[in-house]
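Provide a 3D model corresponding to the input given below.
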Amino acid sequence: MNPAFILMKLRDLDDSESRLGSVRLCDILPGMPSAGFSTLVAYMEQLREIHGLRVSVVRFRGAHNDDISISDLNIVAYGRKSLVMLRRSRSTVLKICLPADAGTEREIHSASDYHPNLRQLLNWGTVDVGNREGVFQFLELDGFGEPFRAKHVSDLASTEMMWNQAFEGLRHLHRKSILHRDVKPDNMLVFKGNVLKINDYDISCFKTDRQELRRKVGTRGYHSPSSSMQPYKEEDDILSLALAFYSAKLGIKKSSRTGRLQILRCCLDPHLFPACMRMAVEDALRKLGLDQEQNDEDNEDEENEDEDEDDDEEG
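Numbering: from 1, shown residues only. You can find the predicted model right below:
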């Protein structure tokens, strides 16, 4: 049985770990699978019942062999690369992913040091399935925030407050030679007291990784409009941040490079967006050579390119 199935939907296991043995295969699969996949699931469920197969026991082991009880966990989101669970007793979040992905994120967290506007790594460990150890790894992250939305930037003052926090978090990453590369509303969380924290280093990298800097990643609508032929720079993070704020506040985002450039050059109304944000955008555009009108030959090509989109996840 594929162990990935085990981790998809354990949301009903809130009273006792002993119930895990009675969970049906259908109960732990992603919601709304394709019709063909549904047929396969039904067939596998029949086989499980005929042969009396049991779901493998899942064990979460921390770095110091401190187990985390499944009964303490609830699924809050899952995406293409990871599963996110709330640890109720500590109000922390477990992000579960493949070992290689978890290792990269741990390295980023370690290098970023502490900053009040960055999500903090508290603990990490392995997820064992049956007798297979380390099938997945988990990262335990501080607090449980809500995704950045329009209500957090309802007026000019709140927009300025949120921008300054996000900008300082990003600048701290940049000072540590880290590029986020997927800045968007769902990767910024707002905690008690309106504290904004940048989250999710799924596709972040170090400035020294020249090969990775040329790989096209991110989420459609929030990409910096700089040329895909150029290596990613910290100014690209700043422009993505501005596009995220524009989208959160006005509910508008553009998939085309032309549309994103227009937003950044012409649409940041001073009555809606603070001077500090507009100045940061102007500076980033200038450094990337995007501050002047130009004939962008690849506009239409980029509009139709396939882009690596990260699924929305809470954490």
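
Please report how far the residue lying farthest from the centre of the chain lies from Val57.
For the chain, the C-alpha farthest from the mean C-alpha position belongs to Ile50; by CA atoms, centre = their mean, that distance is 40.1 Å. Distance, Ile50 to Val57, by CB to CB, to the nearest Å: 22 Å. For every residue, glycine as well, the C-beta is placed using N, CA and C.

again with Leu290
54 Å.

in the stretch 151-300 of the chain, which spans are helices?
156-175, 210-213, 234-250, 257-266, 275-287, 299-304 (DSSP state H, counting those that start in this stretch).

Just send the ones you listed back as TSV, with mean pLDDT and mean neighbour count too.
What follows is the helices of the stretch 151-300 of the chain, written out as TSV (pLDDT from 0 to 100; neighbours: other CB atoms under 10 Å):
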stretch	mean pLDDT	mean neighbour count
helix 156-175	98	18
helix 210-213	89	13
helix 234-250	97	23
helix 257-266	96	18
helix 275-287	97	17
helix 299-304	44	13
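
between those, which gets nearest to Ile198?
Proximity to Ile198, assessed across those by CB to CB, is greatest for helix 156-175 (4.3 Å).

Any idea which residue is closest to the centre of the chain?
Centroid check for the chain by CA atoms, centre = their mean gives Asp200 as the closest residue, at 4.1 Å.

Could you double-check that that residue lies in contact with Lys184?
No - look at Asp200 against Lys184 with CB atoms under 8 Å: they stay out of range, at 9.1 Å.

returning to that earlier point: the nearest residue to the residue nearest to the centre of the chain once chain neighbours are set aside: how many residues sit nearby?
Closest residue to Asp200 apart from its sequence neighbours, by CB to CB, 6 or more residues apart in numbering: Asn187 at 4.5 Å. When neighbours are counted by other CB atoms under 10 Å, Asn187 registers 25.

now do the one 10 residues further on
For Lys197, the neighbour count with other CB under 10 Å is 23.

which stretches of the stretch 1-150 of the chain form strands?
Listed in chain order, the strands of the stretch 1-150 of the chain (DSSP state E, counting those that start in this stretch) span residues 58-62, 67-68, 73-78, 82-87, 92-97, 121-129, 132-141, 146-147.

How far off centre is the second one?
Right, the one you point to is strand 67-68. Its chain's average C-alpha position is 24 Å from that of strand 67-68, according to CA atoms, centre = their mean, to the nearest Å.

Likewise for the fourth one?
Distance, stretch centre to chain centre, for strand 82-87: 12 Å (CA atoms, centre = their mean).

angle of that strand against strand 73-78?
When axes from the mean of the first three to the mean of the last three CA atoms, to 10 degrees is applied, the directions of strand 82-87 and strand 73-78 differ by 140 degrees.

helices and strands around strand 82-87, which ones?
Contacts of strand 82-87 with other secondary structure elements, assessed using 3 or more CB pairs under 8 Å, 6 or more residues apart in numbering; DSSP states H and E, are made with strand 73-78, strand 92-97.

right, so those: which one is the most enclosed?
Across the helices and strands packed on strand 82-87, the average number of neighbours (mean count of other CB atoms under 10 Å) peaks for strand 92-97, which reaches a mean of 24.

pretty sure Ile75 contacts Leu83?
Yes - with contact defined as CB under 8 Å, Ile75 and Leu83 form a contacting pair (6.8 Å).

now what about stretch 226-236, what contacts it?
Under the criterion CB atoms under 8 Å, 6 or more residues apart in numbering, residues 170, 174, 179, 181, 207, 210, 213-214, 216, 224, 239, 283-285, 287-288, 290, 298, 302, 305 lie in contact with stretch 226-236.
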